[in-house]
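Participant: Dropping a prediction and its sequence here:
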Amino acid sequence: MNGNSRRAWIATAGAAALATGLAAGGGPGGHHDDKGRGDPRAAKNVILVVGDGMSIAAREAIRLASVGKDGELAMDSLRYAGWTHTDSLDPDEAVTDSAAGATAFAAGVRTYNGAVSVDVNGKPVKTLLEHAKDLRKATGLVTTAQVTDATPAAFGSHVPGRADQSEIARQFIEETKPDVILGGGEDWWYPTGDPGAYTDDPTDPRPEVSRSEIGNLVDLAQDEGYDYVSTAAQLKATRSDQILGLFANEEMFEQAPEGQGDAYAPVVPLATMTAKALDVLSDHRRGFFLLVEEEGIDEMAHANNAGLMLKAGEALDDTVALITNFAKKHPGTLVVVVGDHETGGLAIENVATDDESGDPASTVPSVVQSTEDGPFDIAGSDLQFTIDWTTGAHTGGATPVT
């Protein structure tokens, strides 16, 4: 492991150290011992940002498309950089899924694919969000996926299988109680026959219909003190310190190959949801833990849709820019940005020409252009690149961490 990678592991361990390295009531530069001495190694606030499915290659493609060959993403501005291995302890599969990956981030425990913060024996394992609650810190979950999808679920619930999304919702409200929950997935909160704010669509290729089997969980949340919002205007207007916001039936975008119903246009952008969460959580004097996830990178890569994968990646980086600006104004804030696994086997390629060398007599074979996606402009230049895919599934490649 090289120096940068070693330091990246230290940075990731810093997020895990929320369980033991923070003290309730810590000052703006960290916590203080009982003699009033500050510990600069400890964070008051921790923001963990997950680009679901974001490989090293995907992050580079996002950089080329948005800021060019000489540019740096907001994600690149963080002090330490490295990579993480993504091996779960699944007995049957070599490559991790989001649930096992998120459980590793949330609890420091490797487990089987599909497990949501339970170990390989099905025993619940304590998460960063729960440690933060023990320290009387505020907590939040923000995602463009269903709020009960694998990544946010692993921070605020414990179930043997990730598909049990209504039970995950119930645990959020009755057990772990994050102060802010923002994203999609209202179908898992409303019982069959009650469409909620977003119309049921049984004709969708993946039917979008209300399906809670344990009652109306939005009503339950309101009974527990949450202000429920379902539009951008309502989110902006609420002054509550306990917010449940659901802005789509399922994910906050439409996953599909190009031209087949695909769309990335969240009703409330990830940066807007994150800004609201930071506004609410930063009022807590003991600090906070916040998870922010961009799901679109993963879902569009599953569909081999490079154009919208890049768009989701740019939305993630816009959000990271917002977060790093917040951190500059709030000393004692630790920001960790990571991918949980690689999706699609993405490769960045040159645009094919008849003769790559430019020499008519050359025997150098031309680069084979991707049959999948592109070309895409490299920002600030006349160059372009294409994106090739090897699969519509996850792969076992390492992911970047800063």
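Facilitator: Right, received. Where do you want to start?
Participant: Now the terminal residues of stretch 199-206, how far apart.
Facilitator: Taking Cα to Cα, to the nearest Å, stretch 199-206 runs 14 Å from one end to the other.
Participant: Identify each buried residue in it, please.
Facilitator: Using 16 or more other Cβ atoms under 10 Å as the test for burial, stretch 199-206 gives Asp200. For glycine as for every other residue, the C-beta is placed from the backbone atoms N, C-alpha and C.
Participant: ok, now stretch 314-333?
Facilitator: Of the residues in stretch 314-333, those with enough neighbours to count as buried (16+ other Cβ under 10 Å) are 314-320, 322-324, 326-327, 332-333.
Participant: Looking at these, which are in helices?
Facilitator: 314-320, 322-324, 326-327 (DSSP state H).
Participant: so how far is stretch 76-96 from its chain's centroid?
Facilitator: Centre-to-centre, stretch 76-96 and its host chain are 14 Å apart (Cα atoms, centre = their mean, to the nearest Å).
Participant: wait, what's in contact with the residue nearest to Gly397 when sequence neighbours are not counted?
Facilitator: With Cβ to Cβ, 6 or more residues apart in numbering as the measure, Glu342 is the residue that lies nearest to Gly397, at 3.9 Å, once sequence neighbours are left out. Counting by Cβ atoms under 8 Å, 6 or more residues apart in numbering, Glu342 makes contact with 53-58, 86, 394-399.
Participant: returning to that earlier point: reformat the buried residues of stretch 314-333 as CSV; add pLDDT and distance to Val116.
Facilitator: Listed next are the buried residues of stretch 314-333 as CSV, based on pLDDT from 0 to 100; distance: Cβ to Cβ, whole Å:
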residue, pLDDT, distance to Val116
Glu314, 98, 29
Ala315, 98, 25
Leu316, 98, 23
Asp317, 98, 28
Asp318, 98, 29
Thr319, 98, 24
Val320, 98, 25
Leu322, 98, 28
Ile323, 98, 25
Thr324, 98, 29
Phe326, 98, 28
Ala327, 97, 29
Gly332, 95, 30
Thr333, 97, 27
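Participant: Now render the residues you listed as CSV, adding distance to Arg110.
Facilitator: Rendered in CSV, the data for those read as follows (distance: Cβ to Cβ, whole Å):
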residue, distance to Arg110
Glu314, 32
Ala315, 30
Leu316, 25
Asp317, 29
Asp318, 32
Thr319, 28
Val320, 27
Leu322, 32
Ile323, 27
Thr324, 30
Phe326, 31
Ala327, 29
Gly332, 30
Thr333, 28
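Participant: from these, which is closest to Asp70?
Facilitator: Asp317 (16.1 Å; Cβ to Cβ).
Participant: in terms of contact, does the closest one touch Ser77 like I think?
Facilitator: No - distance between Asp317 and Ser77: 10.1 Å, which falls outside the contact criterion (Cβ atoms under 8 Å).
Participant: Low-confidence ranges, the stretch 1-150 of the chain, go.
Facilitator: Along the stretch 1-150 of the chain, segments meeting pLDDT under 70 span 1-40.
Participant: ranges for the strands of it?
Facilitator: 31-32, 38-39, 45-51, 82-84, 138-146 (DSSP state E, counting those that start in this stretch).
Participant: May I see those organised as a markdown table, with mean neighbour count and distance to Val109 added?
Facilitator: Rendered in a markdown table, the data for the strands of the stretch 1-150 of the chain read as follows (neighbours: other Cβ atoms under 10 Å; distance: least, Cβ to Cβ, whole Å):
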| stretch | mean neighbour count | distance to Val109 |
| --- | --- | --- |
| strand 31-32 | 19 | 25 |
| strand 38-39 | 16 | 26 |
| strand 45-51 | 27 | 16 |
| strand 82-84 | 20 | 15 |
| strand 138-146 | 27 | 19 |
